[in-house]
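Q: Kindly generate the corresponding structure for this input.
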Amino acid sequence: MATTSTFVSDVLIRNRLNNGITARVITVTYIDQTAGDDVSFTIEGKDYTGQGSTAVLAGTILGWNLHSVHHIPEATGPTDDSDFTIIMGGTQAPDALGGSGTDMFDEAVGRIIYPQDSNSDGAVLVPIIDKLVCSIANNSVNNAAGTIKIVLTMPKGVN
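A: Numbers count the residues shown, from 1 in each chain. Below you'll find the model as predicted:
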């Protein structure tokens, strides 16, 4: 059996006042069938590459801001305190979440993770300037499954 991550949707959210696009939600499901295997997927421009699937998004993610990550575990979720990272760019690039995804994926509890900056006390918006390499690590439960929703927002003044 293999670990899989599958693109589900890329939904644009419009402002009711002027019908301009204000946000988008990229939804991915995963099944970590073998404990110890990391789950990963990449979003580059408008191309999604997961473990066992590929897809094309509604448009590029470049120029959007990373707002938050929502994790919804299935009946068998990942080990408590599993880690989620989003590396923007190559392998030496920093975690776009600023470490806020460490120990945040739990077996029975959904979570919302906001990017953090070590120089501030709160959540920050992170401009997307390169591909996003997303991964779940430190799961030790076979057949752990869940849904990840990546919320992106448009920079102010753009719609």
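Q: can we go C-alpha only for contacts and neighbour counts from here?
A: OK.
Q: Which strand residues bridge Asp83?
A: In this structure, Asp83 has beta-bridge partners Ala137, where bridges are defined by DSSP bridges.
Q: In contact with it, which residues?
A: For Asp83, the set of contacting residues under the criterion of Cα atoms under 8 Å, 6 or more residues apart in numbering consists of 101-105, 135-138.
Q: 7 Å instead, please
A: The neighbours of Asp83, taking Cα atoms under 7 Å, 6 or more residues apart in numbering as the test, are 101-105, 136-138.
Q: now Gln116
A: The neighbours of Gln116, taking Cα under 7 Å, 6+ apart as the test, are 97-98, 100, 122-124.
Q: try Asp38
A: So, once contact is read as Cα under 7 Å, 6+ apart, Asp38 ends up touching 135-137.
Q: For it, give me phi and psi.
A: Backbone torsions for Asp38, taken as degrees, to the nearest 10, come to phi -80, psi 150.
Q: coming back round to it: just the contacts of Asp38 now: which is nearest Gly110?
A: Of all those, the one sitting nearest Gly110 is Ile136; the distance, using Cα to Cα, is 14.5 Å.
Q: Fine by me, thanks again.
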